[in-house]
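> sequence and predicted structure, then a few things I'm wondering about:
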Amino acid sequence: MLLDFTRSFVPLDGLPPDVSLLRCDRTVLEKLKAFTRQDLDKAVGDHLTPKEREAVMKRRDQLVKHFKSLVGKRGEETVLY
């Protein structure tokens with residue numbers, strides 16, 4: 001199986017408008033919250049441009065914000081598993 005991740009690092013400033021994320025694993029969300037620019041730099045080396053790195057971090061921020069908002073509206077037990 002071949003996976004194409006080329007669109008994963010495009011320099012977009014947030015989540016695509018058609019994203020429908022309703023639930024998230026608690027551990028994944030906690031790791032997203034803790035993930036820093038230094039972690040990203042260490043993980044990708046020189047494979048991403050500064051603009052691509054910034055876009056990854058902005059999308060991380062949007063994901064955290066999205067799930068925090070969902071938890072506030074729907075409750076932790078409904079959103080997180």
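That came through, no problem.

> now do stretch 45-62: distance to the chain's middle.
In terms of Cα atoms, centre = their mean, to the nearest Å, the centre of stretch 45-62 is set 10 Å apart from its chain centre.

> with stretch 34-54 instead?
So, by Cα atoms, centre = their mean, the centroid of stretch 34-54 is 13 Å from its chain's centroid.

> with just CA atoms, put it into CSV.
The C-alpha trace of stretch 34-54 is given here as CSV (Å, rounded to 0.1, in the frame of the first residue of the first chain):
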residue,chain,number,x,y,z
ALA,A,34,1.9,19.3,24.1
PHE,A,35,3.4,19.2,20.6
THR,A,36,5.8,22.2,20.1
ARG,A,37,7.6,23.8,17.2
GLN,A,38,10.8,22.3,18.6
ASP,A,39,9.2,18.8,18.4
LEU,A,40,8.3,19.4,14.8
ASP,A,41,11.7,20.7,13.9
LYS,A,42,13.3,17.7,15.4
ALA,A,43,10.9,15.3,13.6
VAL,A,44,11.2,16.8,10.1
GLY,A,45,14.7,18.0,10.0
ASP,A,46,15.2,20.1,6.8
HIS,A,47,12.4,18.3,4.9
LEU,A,48,9.9,21.2,5.4
THR,A,49,10.2,24.8,4.6
PRO,A,50,9.6,27.4,7.4
LYS,A,51,6.2,28.2,5.8
GLU,A,52,5.2,24.5,5.8
ARG,A,53,6.2,24.2,9.4
GLU,A,54,4.2,27.2,10.4
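
> avg pLDDT for that stretch?
On average, the pLDDT along stretch 34-54 is 94.

> in the chain, where's the longest helix?
helix 50-74 (DSSP state H).

> show me what it is in contact with.
9-15, 21-22, 24, 29, 32-33, 35, 37, 40-41, 44, 48, 79-80 (Cβ atoms under 8 Å, 6 or more residues apart in numbering). Quick note: C-beta positions are derived from backbone N, CA and C, even for glycine.
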